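# Return a 3D structure for these sequence lines:
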Amino acid sequence: MATLQAIRYLSSSSSYSSSSTSSCARTVGVTLRAPPRRTAHLSLLRDTHNYKHRGVEHLRGINPTASSITRDADQDYSSTEATIVAELYAIAEIVADRAEMHANVGEQRNNWNNLLLTSINAITLTASIMVGLAAIGGSGVQVLAFKLSSTLLYTAATGMLLVVNKIQPSQLAEEQRNASRLYRQLYEQIQTKLAIRAPTLMDVNEATEKVLALDKAYPLILLGGMREKFPTTIDPAVWWPVQLPLQSERAGGEIERNGWSEKLEEEMREVVGVLKRKDTAEYVRLSKLVSKTSRILAISGPLLTGIAAVVSTLVGSPWHGSWAVLIGVVAGAMASVVNTLEHGGQIGMVFEMYRNNAGFYRQMEESIESTLSEKDVERRENGELFEMKVALQLGRIPSELRDLASASSSSSRKGDHDTSLESAGKLF
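Okay, the predicted model is just below:
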């Protein structure tokens with residue numbers, strides 16, 4: 001709050017007369033006795049004021065004027081800074097395009113799932129009806145027509161099920177929805193950096209690495225680059241760049257610096273332990289369970305239609321005709337039920353959702369560990385702000401996060417981590 005008041009004070013002082021400006025300069029002399037060259041601190045204050053001003057106008061429904069968007073004359077970028085800003089804006093445009101692209105592809109693949117589900121069920125049930133009609137009797141040509149039609153339809157349904165079960169359209173759609181959300185999140189992060197301070201080359205490199213990591217995690221192509229839908233080893237989804245290795249030395253102490261203290265660091269370490277033991281492990285377990293269910297259903301559907309296609313050729317024969325009718329009709333009906341459970345229930349989407357939930361908690365673990373590995377606490381994000389962000393990401397408030405860390409520490413001493421302790425996340 002004190003910082004915001006200082007920003008308002010500095011900003012309002014520019015509109016006063018020269019005598020008033022001199023008075024303000026005496027009041028905040030420590031800040032304004034900087035060299036004529038623009039400092040990073042003063043730039044941050046002015047940029048934050050411009051960002052706040054644009055935000056207020058947006059909330060009031062007023063379109064920002066050109067003067068509110070552009071920087072002051074004394075804040076012109078150097079050639080190097082201008083290049084960095086241009087690069088970051090170019091990355092932001094690419095990220096926005098990626099988000100729209102993945103959203104469109106996700107909608108398309110969701111339509112695939114719905115249309116293929118309806119079509120395959122219609123084909124399978126029609127084939128079952130034709131098997132029954134062939135058993136009713138009639139001339140030899142009529143029976144042959146029904147037999148051939150049911151066999152062809154069952155064969156077509158078998159081939160379509162093999163393809164659909166391989167690509168899992170509902171899982172593909174969920175991948176694209178997640179990618180679209182993460183690209184929008186990255187876009188907002190870039191816009192925030194551009195609004196509150198002058199970006200650096202490190203910001204450009206970080207944004208580039210995040211784009212490439214997202215491209216690798218959520219490919220758009222189907223043939224040759226599609227993610228494995230039935231992996232033998234199931235791990236949390238990863239869509240962020242590789243974090244730097246942890247350093248052995250610990251930072252901090254009893255004296256609080258930049259919002260950090262030894263107590264807060266221990267709290268964050270306990271939170272990481274809870275995330276590993278409870279949240280990430282639980283969603284990996286659920287992912288494995290859903291994957292096994294999806295695998296069973298993916299095998300059962302084509303198997304049932306394949307059996308029905310074979311036995312439908314025996315309808316009307318003097319030896320196995322009655323049994324062929326029974327098996328052909330029942331297998332077709334069961335195949336429709338299995339297909340509806342798998343694709344109507346979107347088992348692939350559920351699997352991807354659980355795997356991404358595990359990835360969300362894994363990312364939080366690495367983010368906290370990477371922050372704590374920084375020895376210089378002044379280079380970290382402010383400790384109080386970091387604690388608040390971690391708590392909100394987990395669906396908690398900071399006091400609840402501290403209670404969780406305290407309970408985890410007590411549970412560790414008793415040796416009953418997995419039985420008495422609640423999960424860290426409350427969102428899902």
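
# For K229, what are phi and psi?
phi -90, psi -20 (degrees, to the nearest 10).

# Cross-check the contact I'm expecting between it and K166.
Yes: K229 is in contact with K166 according to C-beta atoms under 8 Å; the separation is 6.9 Å. Yep, even glycine has a C-beta here, placed from its N, CA and C like the rest.

# Return the distance of the one helix or strand E188 maps to from the chain's centre.
Assigned by DSSP states H and E, E188 falls within helix 169-196. A distance of 7 Å separates the centroid of the chain from that of helix 169-196, by C-alpha atoms, centre = their mean, to the nearest Å.

# which other helices and strands contact that helix?
helix 40-59, helix 79-136, helix 201-217, helix 347-372 (3 or more C-beta pairs under 8 Å, 6 or more residues apart in numbering; DSSP states H and E).

# Of these, flag the one that's most buried.
helix 347-372 (a mean of 22; mean count of other C-beta atoms under 10 Å).

# Mind giving me the packing neighbours of the very next helix or strand once past that one?
Next along the chain after helix 347-372, taking DSSP H and E as the criterion, comes helix 383-393. Packing partners of helix 383-393 (3+ C-beta pairs under 8 Å, 6+ apart): helix 262-274, helix 347-372, helix 398-414.

# avg pLDDT for the last one?
Helix 398-414 shows a mean pLDDT of 84 in the predicted model.

# how far off helix 262-274 does it point, in degrees?
Per axes from the mean of the first three to the mean of the last three C-alpha atoms, to 10 degrees, the angle that helix 398-414 makes with helix 262-274 is 70 degrees.

# Then the second one?
Between the axis of helix 347-372 and that of helix 262-274 there is an angle of 150 degrees, by the same axes, to 10 degrees.

# Give me the helices and strands touching helix 347-372, please.
helix 169-196, helix 262-274, helix 281-311, helix 383-393.

# Can you point out the buried residues in the longest one?
For helix 281-311, a neighbour-count test (16 or more other C-beta atoms under 10 Å) marks 281-284, 286-288, 290-291, 293-294, 297-298, 300-302, 304-311 as buried.

# Distance from that helix to the middle of the chain?
25 Å.

# going on from it, what's the next piece of helix or strand?
helix 321-339.

# contact partners of that following helix?
117, 120-121, 124-125, 127-128, 131-132, 134-135, 150, 154, 157, 161, 297, 300-301, 304-305, 307-308, 311-315, 317 (C-beta atoms under 8 Å, 6 or more residues apart in numbering).

# How far off centre is stretch 88-96?
With C-alpha atoms, centre = their mean, you get 19 Å for stretch 88-96.

# go on, stretch 91-99?
Put simply, stretch 91-99 sits 16 Å off its chain's centre (C-alpha atoms, centre = their mean).

# Same question for stretch 227-245.
For stretch 227-245, the distance from its own C-alpha centre to the chain's C-alpha centre is 12 Å (C-alpha atoms, centre = their mean).

# With only the CA atoms kept, save that stretch in PDB.
Taking Å, rounded to 0.1, in the frame of the first residue of the first chain, the C-alpha atoms of stretch 227-245 are listed here in PDB:
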ATOM      1  CA  ARG A 227       1.200 -38.200 -27.900                       C
ATOM      2  CA  GLU A 228       0.900 -41.900 -26.900                       C
ATOM      3  CA  LYS A 229      -2.700 -42.600 -25.800                       C
ATOM      4  CA  PHE A 230      -1.900 -45.800 -23.900                       C
ATOM      5  CA  PRO A 231       1.600 -45.200 -22.400                       C
ATOM      6  CA  THR A 232       3.200 -48.100 -20.600                       C
ATOM      7  CA  THR A 233       4.700 -45.700 -18.000                       C
ATOM      8  CA  ILE A 234       2.300 -42.900 -16.800                       C
ATOM      9  CA  ASP A 235       3.900 -39.700 -15.500                       C
ATOM     10  CA  PRO A 236       2.500 -36.300 -14.900                       C
ATOM     11  CA  ALA A 237       2.100 -34.100 -18.000                       C
ATOM     12  CA  VAL A 238       5.000 -31.600 -18.500                       C
ATOM     13  CA  TRP A 239       4.600 -28.400 -20.400                       C
ATOM     14  CA  TRP A 240       7.200 -26.100 -18.900                       C
ATOM     15  CA  PRO A 241      11.000 -25.800 -19.600                       C
ATOM     16  CA  VAL A 242      13.400 -27.800 -17.600                       C
ATOM     17  CA  GLN A 243      14.200 -26.100 -14.200                       C
ATOM     18  CA  LEU A 244      17.700 -25.400 -13.200                       C
ATOM     19  CA  PRO A 245      19.300 -28.000 -10.900                       C
END
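
# Same question for it: list its buried residues.
Here stretch 227-245 shows K229, F230, I234, P236, A237, V238, W239, W240, P241 as buried, counting by 16+ other C-beta under 10 Å.

# ok, and what's touching that stretch?
166-168, 171, 175, 178-179, 182, 206, 209-210, 212-214, 217-219, 280, 283-284, 287-288, 291, 294-295, 298, 348, 352, 355-356, 358-359, 361-363, 366-367, 369-370, 373.

# Let me see the mean pLDDT of that stretch.
80.

# what's the answer for stretch 148-155, then?
Over the span of stretch 148-155, the pLDDT mean works out to 93.

# Please apply the same query to stretch 166-181.
93.

# How far away from the center of its chain is it?
Here stretch 166-181 shows a centroid-to-chain-centroid distance of 11 Å under the convention C-alpha atoms, centre = their mean.

# in it, what counts as buried?
For stretch 166-181, burial by neighbour count (16+ other C-beta under 10 Å) applies to 167-180.

# next one: stretch 368-384
I368, E369, T371, L372, S373, E374, V377, R380, G383.

# Now flag whichever of those is closest to A198.
Nearest to A198, judged by C-beta to C-beta, of the buried residues of stretch 368-384 is R380 at 20.3 Å.
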